[in-house]
Structures are given as C-alpha cells and as structure tokens.
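Enquirer: Need the 3D shape of this:
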Amino acid sequence: MGIFTRLTDIINSNISHLLDKAEDPDKMIRMMIQEMEDTLVEVRSSAARVIADRKELDRNLVRLKKVEDDWLAKAELALSKDREDLANAALIEKSKLVDLAQELEQDRAPLEEALKKYEDDIVRLEAKIKEAKQKQKTLIERKNSAESQLRVRAKLYDNRIEDVMNRFHLMEKRVEETESRVEAQELGREKSLHEEFADLEAAENVADELEELKAKLAKKNAKDEKK
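Expert: Presented below is the predicted three-dimensional model:
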C-alpha cells in the first residue's frame, strides 16, 4: 500500500469503530499505532526531500543572479570601451539567464504547495496517533479493571469462604440452641448458684468463639478487597 493511500485511510479512519469490530482490540490498536508512526516517518522524509529541493532551487537562483550581474557588468565595460557589439552580446546572455531564472521560479509554487500539504498531513497524523494512544490507555485501564473484578469474584466464590460461612451459621445455631436450653431450664424452677455460673461460662465461651470467627471472616474479606 502506497504512503498516500495509507495516509488517507488513517486520517479518515474511525478508531473507536475499528476497535469495536476487532476480535483483539489490544493487538489491533498496537498495530494501528505502529502503522501510523511508520507512515509519519515516511511523510516527514518526503517533506524533508521537498525542503531540500526548495533550498536547491534557492541556491540555483542565487547563482543565476550572480551570473546575470556578471554579464551586466561586462556589458557596461564593453560600452565604456565603445564595443557596443560586445555589450549587446553580454546583454543577450544576461537575458537568457533571466528567462532561466523565471522558469526555475515557476517550480517554487508546486514545491510550496507540496510542503504545505505535508505539513497539514503531519498535523492530522499526529492528532490521530494521540487519539489512538489515548484509546490504548483507556483500553489498558478497562482491561486491568476487568481482571481485578474477576480476581475478586473468584475469591468471593472460593469454597474456603463458603466453608467459613457455613461454620459461622453453625456457630450461630449452637448459640441459639444454648440460649434456648438456658431459657428452657429457667422455666418452672429456680436455678442453683452452680448452674447459673455454669450457664454463664458456657454462654461466654460460645460468644467468645463467635466473635473470634466474625473477626477472622472480616479480616479475610478485607484482605480480598485489597487485592
């Protein structure tokens, strides 16, 4: 594909639309950026050649002007020596150089036009590269966010967490059963001092174990969220 065809395709491209259709957007955008940067190098090289041609044109015009001045000086010298024939010949040579300079000057307009076109293309191409790199940054951020969410969800559905929750519910049930037994024993009779202390100790032990399990679960969840 020629440089101008590639350049036209790039400038007219809708990056978002191309990424939406791509099976692998990350790979697609890396290829696009590489293609744009390669094209930019070629456009700059072409512009450099035009600038070199323009400088060569300027140098030739300067040389022609110098030769023109030399022939004019010779014509003046010939006239001062009453050699009108030589003066006329010198002016003829000068006239030829003037015509040549005018022809060369006509080549300046196409060079200036080409250089302006390259400058415009470079500006638009650099804008496209900037847009593509911003899309690449956004794509990477979205990819990292999605991967992070997958890790968190994998942790949430981990069997170990399910086991801890089951143990937690079992412990709650044991506490409720203990509390129920305490309440049942209190019905219809008065507890002895020994029984009351025994019930207090049992309830305290179960409550401590429940709080320990809650703290362990909270610590586990906080650690998973940080990841």
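
Enquirer: Packing partners of the host helix or strand of residue 50?
Expert: Element membership for residue 50, per DSSP states H and E: helix 25-80. Under the contact definition 3 or more CB pairs under 8 Å, 6 or more residues apart in numbering; DSSP states H and E, helix 25-80 sits against helix 3-12, helix 15-21, helix 84-106, helix 108-156. C-beta here means a position set from N, CA and C on the backbone, and glycine is covered the same way.

Enquirer: Looking at those, spot the one closest to residue 58.
Expert: Between residue 58 and the helices and strands packed on helix 25-80, the tightest spacing by CB to CB is seen for helix 108-156, at 8.6 Å.

Enquirer: what angle do the closest one and helix 25-80 make?
Expert: Helix 108-156 and helix 25-80 meet at an angle of 160 degrees, taking axes from the mean of the first three to the mean of the last three CA atoms, to 10 degrees as the criterion.

Enquirer: switch to numbering from 23
Expert: Okay, using 23 as the starting number, the last item reads as helix 130-178.

Enquirer: ok so, going back, any chance of JSON lines for the helices and strands packed on helix 47-102, columns mean pLDDT, distance to residue 94 and mean neighbour count?
Expert: As requested, these are arranged in JSON lines below (pLDDT from 0 to 100; distance: least, CB to CB, whole Å; neighbours: other CB atoms under 10 Å):
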{"stretch": "helix 25-34", "mean pLDDT": "55", "distance to residue 94": "45", "mean neighbour count": "14"}
{"stretch": "helix 37-43", "mean pLDDT": "64", "distance to residue 94": "61", "mean neighbour count": "13"}
{"stretch": "helix 106-128", "mean pLDDT": "92", "distance to residue 94": "6", "mean neighbour count": "14"}
{"stretch": "helix 130-178", "mean pLDDT": "82", "distance to residue 94": "24", "mean neighbour count": "13"}
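
Enquirer: Using a markdown table, lay out these together with distance to residue 52.
Expert: Below are these laid out as a markdown table (distance: least, CB to CB, whole Å):
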| stretch | distance to residue 52 |
| --- | --- |
| helix 25-34 | 15 |
| helix 37-43 | 11 |
| helix 106-128 | 46 |
| helix 130-178 | 7 |
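
Enquirer: of all those helices, which lies closest to residue 193?
Expert: Short answer: helix 130-178, nearest of those by CB to CB, at 20.9 Å.

Enquirer: hang on, the earlier thing: nearest approach to residue 231 belongs to which of the helices and strands packed on helix 47-102?
Expert: Among these, helix 130-178 sits nearest to residue 231 (CB to CB), with 24.8 Å.

Enquirer: so what does the closest one touch, helix or strand wise?
Expert: helix 25-34, helix 37-43, helix 47-102, helix 215-248.

Enquirer: What are the structural domain limits within the chain?
Expert: By the assignment in automatic domain parsing, the chain contains the domains 25-169, 181-248.

Enquirer: For the helices and strands packed on helix 130-178, give me TSV that also has distance to residue 122.
Expert: Shown next, in TSV, are these (distance: least, CB to CB, whole Å):
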stretch	distance to residue 122
helix 25-34	32
helix 37-43	50
helix 47-102	6
helix 215-248	79
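
Enquirer: and those helices, which one is worst for confidence?
Expert: Here the helices and strands packed on helix 130-178 differ in mean pLDDT, and the lowest is helix 25-34 at a mean of 55.

Enquirer: quick check: angle from the helix holding residue 72 to helix 106-128?
Expert: If you take the same axes, to 10 degrees, helix 47-102 sits at 170 degrees to helix 106-128.
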